[in-house]
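> sharing a model that was predicted from the sequence below.
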Amino acid sequence: MLLEVTRKRLMLCAGNSYPELANELATGIGIELTKLEISRFANGEIYVRFLESVRGVDAFVLQTCAEPVNDNLMELLIIIDALKRASAKRITAVMPFYGYSRQDKKTLAREPISARLVADLLSAAGADRVLSVDLHAGQIQGFFDFPFDHVTALPVLASDIIRQNLRDPVVVSPDAGRVKVAKKLADKLDCPMAILHKRRPEKNVASMSHIIGEVKGKSAILIDDMVDTAGTLCEAAKALKKSGAREIRAYATHPILSPPAVERITKSSIKELVVANTLPVPSEKMTDKIRVLSIVPLLASTITAVFKEESVSEIVGGDNQI
């Protein structure tokens with residue numbers, strides 16, 4: 001008896017963290033979201049059940065670590081477990097924002113390395129690979145014993161900056177950790193760069209001591225991977241303004257925007273904050289100073305390339321090694 005040769009089937013499913021992004025991504029890929037039931041027991045425990053067969057599929061699970069982070073992370077793990085037990089052939093966790101990424105190393109005694117713990121949880125749940133955007137630290141990829149597709153929103157941000165046609169631009173890194181990204185952006189824009197020296201006296205508190213580079217009379221472009229309470233960006237903007245920058249714009253991938261971020265940005269000398277839609281920005285957090293760019297084409301192209309076993313690096317021009 002001859003067995004019929006089966007074709008690979010791509011399946012995209014999503015948790016409840018960002019349904020708008022899930023629908024846009026499904027449209028971008030040209031498929032429908034997989035039907036699944038997600039509910040809560042009376043005590044808050046999560047229940048997941050797929051409403052169609054997933055046997056043998058190449059499954060991509062979209063779940064960004066938006067608030068509430070812990071609930072959304074647990075929901076992702078349970079979805080992956082359900083897929084594994086229902087015989088999905090390969091499971092890819094698509095996490096536009098990787099939760100706990102700031103805790104990637106020990107800086108003080110008796111601290112956890114929570115980013116590694118998240119990696120272990122994904123592996124234990126049954127994930128075969130992970131896809132994420134602009135990790136806070138590239139070393140997180142080394143926490144996994146299976147493929148990790150790291151893509152960056154830098155080409156999307158750079159294209160927007162070019163459209164602004166800024167006069168005398170200078171790319172500014174708000175701290176030493178973003179220097180490599182700032183250099184890549186400066187090379188794309190063919191402009192100089194500057195570096196701010198940042199100190200953190202305590203968590204979510206930043207102070208700027210001095211600037212390395214020339215910013216006087218220039219259009220400063222602050223670049224960062226995430227905006228949480230916006231303390232770093234607003235302190236950086238204050239330092240740039242004091243040093244004579246003509247105007248200040250900020251670009252970041254992940255709009256966490258925890259209080260009092262929106263209030264700080266509104267009152268700051270930042271002309272505009274441009275972010276990617278890796279996390280939802282509720283209407284109450286949107287102001288005239290905040291603008292959101294879509295990375296759906298980037299995610300759709302990457303997922304399609306992974307499914308077809310094609311190069312991901314070519315999609316972002318090699319910038320995934322940031």
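Nice, I can see it. Numbers count the residues shown, from 1 in each chain.

> for stretch 167-187, buried residues please.
The neighbour-count check on stretch 167-187 (16 or more other Cβ atoms under 10 Å) flags 169-175, 178, 181-182, 184-186 as buried. Where you see a C-beta, it was placed from the backbone N, CA and C, and this is true even at glycine.

> I meant to write stretch 101-109 there.
Of all the residues in stretch 101-109, those buried under the rule 16+ other Cβ under 10 Å are 101, 103-104.

> ok, stretch 128-142 next?
Residues of stretch 128-142 classed as buried: 128-137, 140-141 (neighbour count, 16+ other Cβ under 10 Å).

> tell me, what residue is most central in this protein?
residue 97 (3.6 Å; Cα atoms, centre = their mean).

> and that one, what is it in contact with?
Shown in contact with residue 97 (Cβ atoms under 8 Å, 6 or more residues apart in numbering): 64-66, 132-133, 226, 254, 256, 278-279.

> cool, residue 217 as well?
Contacts of residue 217 (Cβ under 8 Å, 6+ apart): 168, 244-246.

> and it, what element?
For residue 217, there is no enclosing helix or strand under DSSP states H and E.

> so residue 79 makes contact with residue 61?
Yes: using Cβ atoms under 8 Å, residue 79 is in contact with residue 61, at 5.3 Å.

> hey, what's in contact with both of those two?
The contact sets of residue 79 and residue 61 overlap at 13, 15 (Cβ under 8 Å, 6+ apart).

> what is the least confident helix or strand in the protein?
Lowest mean confidence among the helices and strands of the chain (mean pLDDT, DSSP states H and E): strand 205-212, at a mean of 68.

> may I have the helix or strand just after that one exported as PDB, CA atoms only?
Downstream of strand 205-212, the first helix or strand assigned by DSSP H and E is strand 219-227. Below are the C-alpha coordinates for strand 219-227, written out as PDB (Å, rounded to 0.1, in the frame of the first residue of the first chain):
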ATOM      1  CA  SER A 219      18.400  67.100  15.000                       C
ATOM      2  CA  ALA A 220      19.000  64.500  17.700                       C
ATOM      3  CA  ILE A 221      17.500  61.000  17.100                       C
ATOM      4  CA  LEU A 222      17.400  58.900  20.300                       C
ATOM      5  CA  ILE A 223      17.300  55.200  19.700                       C
ATOM      6  CA  ASP A 224      16.400  52.500  22.300                       C
ATOM      7  CA  ASP A 225      14.900  49.000  22.400                       C
ATOM      8  CA  MET A 226      12.100  49.800  24.900                       C
ATOM      9  CA  VAL A 227      10.300  52.600  26.600                       C
END
